[in-house]
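Engineer: next comes the sequence, and after it the predicted model I'd like to discuss.
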2 protein chains.
Amino acid sequence: MEPIRIAVIGMGKIARDQHLPAIAGNAAFGLAATVSPHDPGVEGVAHHRSLEALLVEGPAVDAVALCTPPQVRYDLAAQALARGVHVFLEKPPGATLAEVAALDDQARKVGVTLFAAWHSRFAAGVAPARAWLAERRVDRVSIIWREDVRVWHPGQAWIWEPGGLGVFDPGINALSIATHILPRPFFLKAATLTIPANRAAPIAAEIEFRDTGGAPILMDLDWRQTGPQSWDIIVETDAGTLKLSNGGAVLALPTGTDHSEDREYPGLYARFATLIQGGRSDVDTDPLRLVADAFLRGRRETSEAFYD
Amino acid sequence: MEPIRIAVIGMGKIARDQHLPAIAGNAAFGLAATVSPHDPGVEGVAHHRSLEALLVEGPAVDAVALCTPPQVRYDLAAQALARGVHVFLEKPPGATLAEVAALDDQARKVGVTLFAAWHSRFAAGVAPARAWLAERRVDRVSIIWREDVRVWHPGQAWIWEPGGLGVFDPGINALSIATHILPRPFFLKAATLTIPANRAAPIAAEIEFRDTGGAPILMDLDWRQTGPQSWDIIVETDAGTLKLSNGGAVLALPTGTDHSEDREYPGLYARFATLIQGGRSDVDTDPLRLVADAFLRGRRETSEAFYD
């Protein structure tokens, strides 16, 4: 089978750190081009300053991976889908739920693959956690996602703008895992969002979800954590406690602890290839829907101004 | 056929003004009970202070209409569905999108009807507007929904709380019409929400949507309008301008204007009966999804404190 000719659009940190190595490591794909208005691209690979220029001037591509901020993703995705090009959407898949639904419709009509990628679902501990929880009664869940925004998002102004999600940008990774591993659906009961006086998006949030069986799911998001960082999900069940830590990489069960190698982006690209080969899409908006619900239903508090 | 025995839960203004007369006017239904912790109910009809008391003590009911504020609607609906009782949800169908999705799942599993009612879709001009627009190219849409909150929601504290939606409580009626009559899906590009310093929900909003064909849809919501009130949707097309006014009751087309009698709630109850008899649900969350997107993506501005 000929490799899928793919272009990477938006050559920021995530593209260079994760997408390019994952594409290079998967024989199903060949990197055909990169697109960025600023970045010089990759030695020996075609480069354009806009997706439009790539689609007009070539080289021909079968697929694009959109690694831009979410606020501009819809137009790029709609443009690619209209040309019959498969689309990989970095998380979150868009700036609004309705635009992602419109892309999903468009992809169905055109008959190409749209993939809303949630990289944390491919962390090593997630699949075994899901399998273990499928047979348990969940009594209580704690999600603790506390990190230092100055380390992980230095100077990223877009992340603080409306649509940039603020602390929900990492928090949605936790929700992508929780919606995947917990056996029952859950929804928001109450939330408090803490927003710096000089910013539009939250720097911290406390959220109380409840699953349809009545179990509480408490989420603690904070971007002001210096020192050790926390990306943990703790699930208390009738058969003891499960703990997923390091963002899903380390799984501790009552029977022991498992550490595995990071395979998130290789896992995503393997899935994207399978979807394209099978003529299918995968557009799960449940994590983004929970975030939208937090903005819709949450109470807001203002905190001191935040400077990078 | 025996009438559907229905209980009205939450005996506020909307229940007395609209639900009771519509039920009385539809032979498919018989009012079996009312529920309210405060209201004395209706002469000659069983009354309980809680849904739980009704379900335990009777009389038996086949269906409930939930007319409470949205923040408490999920628990009531889940309780009724668990007993095999059909559920009519006033708009908005819940305080979050995920809870409505959970109810939809539950209704499917139990095999009963869940109806997310959007009363404005049953305004007299809406069905002919939809039919007329189906064959047009839409170039531009203006939605102007300006009313005096002191007249329409006097002292309703819940409407200003998180989950109460503020000016989107009437605004969602406009969105329920627009999503129904416009031929292409649309999504939010930008929004500004104006929130009084002493409240949690917006008193005004300006929203810019765009449909998948690129047509702008501009929405102007304001709760500070004294004097004449505006509930208008203006659609410019390749065949001239359509104007729906009075909240959908009056339809003006290039060929003339049509005024019809208000039949919103009778229309809703006729639809609810048809759904129950056909063993189907109707749970369209598109209007609420657009509102959630506005809270997710919108920029917030603070305005002077508002007192009733």
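Structural biologist: All right, it came through fine.
Engineer: OK, contacts around the residue in the stretch 101-250 of chain A positioned nearest to chain B?
Structural biologist: Scanning the stretch 101-250 of chain A for proximity to chain B using CB to the nearest CB identifies residue A:187 as nearest, at 3.7 Å. The way it works is simple: take the backbone N, C-alpha and C, and place the C-beta from them, glycine included. When contacts are counted by CB atoms under 8 Å, 6 or more residues apart in numbering or on different chains, residue A:187 touches A:209-210, A:290, A:293, B:74, B:96, B:98-99, B:101-102.
Engineer: tell me which helix or strand it sits in.
Structural biologist: strand A:186-196 (DSSP states H and E).
Engineer: how about that strand as CSV, C-alpha atoms only?
Structural biologist: Coordinates of each C-alpha in strand A:186-196 appear next as CSV, following Å, rounded to 0.1, in the frame of the first residue of the first chain:
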residue,chain,number,x,y,z
PHE,A,186,-21.3,11.7,34.1
PHE,A,187,-22.3,15.3,34.0
LEU,A,188,-21.6,18.5,35.9
LYS,A,189,-23.4,19.5,39.1
ALA,A,190,-21.4,22.6,40.1
ALA,A,191,-18.2,24.4,39.2
THR,A,192,-16.2,27.4,40.2
LEU,A,193,-13.8,28.9,37.7
THR,A,194,-11.0,31.2,38.9
ILE,A,195,-10.1,33.8,36.2
PRO,A,196,-7.1,36.2,36.6
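Engineer: which element follows it toward the C-terminus?
Structural biologist: Counting by DSSP H and E, what follows strand A:186-196 is strand A:204-211.
Engineer: could I get the buried residue list for that following strand?
Structural biologist: The neighbour-count check on strand A:204-211 (16 or more other CB atoms under 10 Å in any protein chain shown) flags A:204-207, A:209-211 as buried.
Engineer: mind putting these in CSV, distance to residue B:91 included?
Structural biologist: Shown next, in CSV, are the buried residues of strand A:204-211 (distance: CB to CB, whole Å):
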residue, distance to residue B:91
A:204, 33
A:205, 28
A:206, 29
A:207, 25
A:209, 24
A:210, 23
A:211, 26
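Engineer: make sure residue A:166 is actually in contact with residue A:157.
Structural biologist: No. When contacts are counted by CB atoms under 8 Å, residue A:166 is not listed as touching residue A:157 (11.9 Å).
Engineer: more neighbours: which of these two?
Structural biologist: residue A:166 (29 against 11; other CB atoms under 10 Å in any protein chain shown).
Engineer: dump the residue contacts of the nearest residue to the more buried one once chain neighbours are set aside.
Structural biologist: Excluding the flanking residues, the one nearest residue A:166 by CB to CB, 6 or more residues apart in numbering or on different chains is residue A:201, at 2.8 Å. Residues counted as contacts of residue A:201 (CB under 8 Å, 6+ apart) are A:159-162, A:164-168, A:195.
Engineer: in three-state terms, how would the most centrally placed residue in chain A be classified?
Structural biologist: Nearest residue to the geometric centre of chain A (CA atoms, centre = their mean): residue A:91, 3.1 Å. Secondary structure state of residue A:91, per DSSP: H, G, I helix; E, B strand; the rest coil, is coil.
Engineer: if we can go back for a sec, which of the contacts of residue A:201 lies closest to residue B:70?
Structural biologist: Relative to residue B:70, the closest of those is residue A:168; by CB to CB it sits at 22.5 Å.
Engineer: can you give me phi and psi for the nearest residue to the closest one once chain neighbours are set aside?
Structural biologist: Leaving aside its sequence neighbours, residue A:168 sits nearest to residue A:291 (CB to CB, 6+ apart; 4.8 Å). Geometry field for residue A:291 lists phi and psi as phi -70, psi -40, criterion degrees, to the nearest 10.
Engineer: wait, residue A:291 touches residue A:93, no?
Structural biologist: No. Counting by CB under 8 Å, residue A:291 sits too far from residue A:93 to count as a contact (11.4 Å).
Engineer: who's more crowded, these two?
Structural biologist: Legend: neighbour count by other CB under 10 Å for residue A:291 and residue A:93, higher for residue A:93 (29 against 24).
Engineer: who's in contact with the residue nearest to the more buried one when sequence neighbours are not counted?
Structural biologist: Spatially, and ignoring its direct neighbours in sequence, residue A:93 is nearest to residue A:116 (3.9 Å; CB to CB, 6+ apart). Residues in contact with residue A:116 (CB under 8 Å, 6+ apart) are A:89, A:91, A:93, A:100, A:282-285.
Engineer: what's the spacing between residue A:116 and residue A:159?
Structural biologist: Distance, residue A:116 to residue A:159, by CB to CB, to the nearest Å: 19 Å.
Engineer: cool, and residue A:132?
Structural biologist: 34 Å.
Engineer: looking at the two now, which is surrounded by more residues?
Structural biologist: A side-by-side neighbour count of residue A:132 and residue A:159, using other CB under 10 Å, places residue A:159 first with 22 against 19.
Engineer: near chain B, which residues of chain A show up?
Structural biologist: Applying CB under 8 Å from any CB of the partner chain, one finds that chain A approaches chain B through A:74, A:78, A:95-99, A:101-102, A:105-106, A:162-163, A:185-188, A:191, A:200, A:212, A:286, A:289-293, A:295-300.
Engineer: I'd say residue A:240 and residue A:254 touch.
Structural biologist: Yes. Using CB under 8 Å, residue A:240 is in contact with residue A:254, at 3.6 Å.
Engineer: show me where the stretch 101-250 of chain A has helices.
Structural biologist: Counting by DSSP state H, counting those that start in this stretch, the stretch 101-250 of chain A has helices at residues A:126-133, A:149-152, A:168-181.
Engineer: out of the ones you listed, which is the most enclosed?
Structural biologist: Across the helices of the stretch 101-250 of chain A, the average number of neighbours (mean count of other CB atoms under 10 Å in any protein chain shown) peaks for helix A:168-181, which reaches a mean of 24.
Engineer: got the angle between it and strand A:186-196?
Structural biologist: 170 degrees (axes from the mean of the first three to the mean of the last three CA atoms, to 10 degrees).
Engineer: next one: helix A:168-181 to chain centre, how far?
Structural biologist: Remark: helix A:168-181 is offset 8 Å from the chain centroid, using CA atoms, centre = their mean, to the nearest Å.
Engineer: angle of it against helix A:126-133?
Structural biologist: Using the same axes, to 10 degrees: helix A:168-181 against helix A:126-133 is 50 degrees.
Engineer: okay, strands next: where are they in the stretch 1-150 of chain A?
Structural biologist: Secondary structure of the stretch 1-150 of chain A (DSSP state E, counting those that start in this stretch): strands at A:4-9, A:29-35, A:46-48, A:63-66, A:86-89, A:114-116, A:138-146.
Engineer: hmm, which helix or strand of chain A has the shakiest average pLDDT?
Structural biologist: Least confident helix or strand, chain A: strand A:256-259 with a mean of 82, by mean pLDDT, DSSP states H and E.
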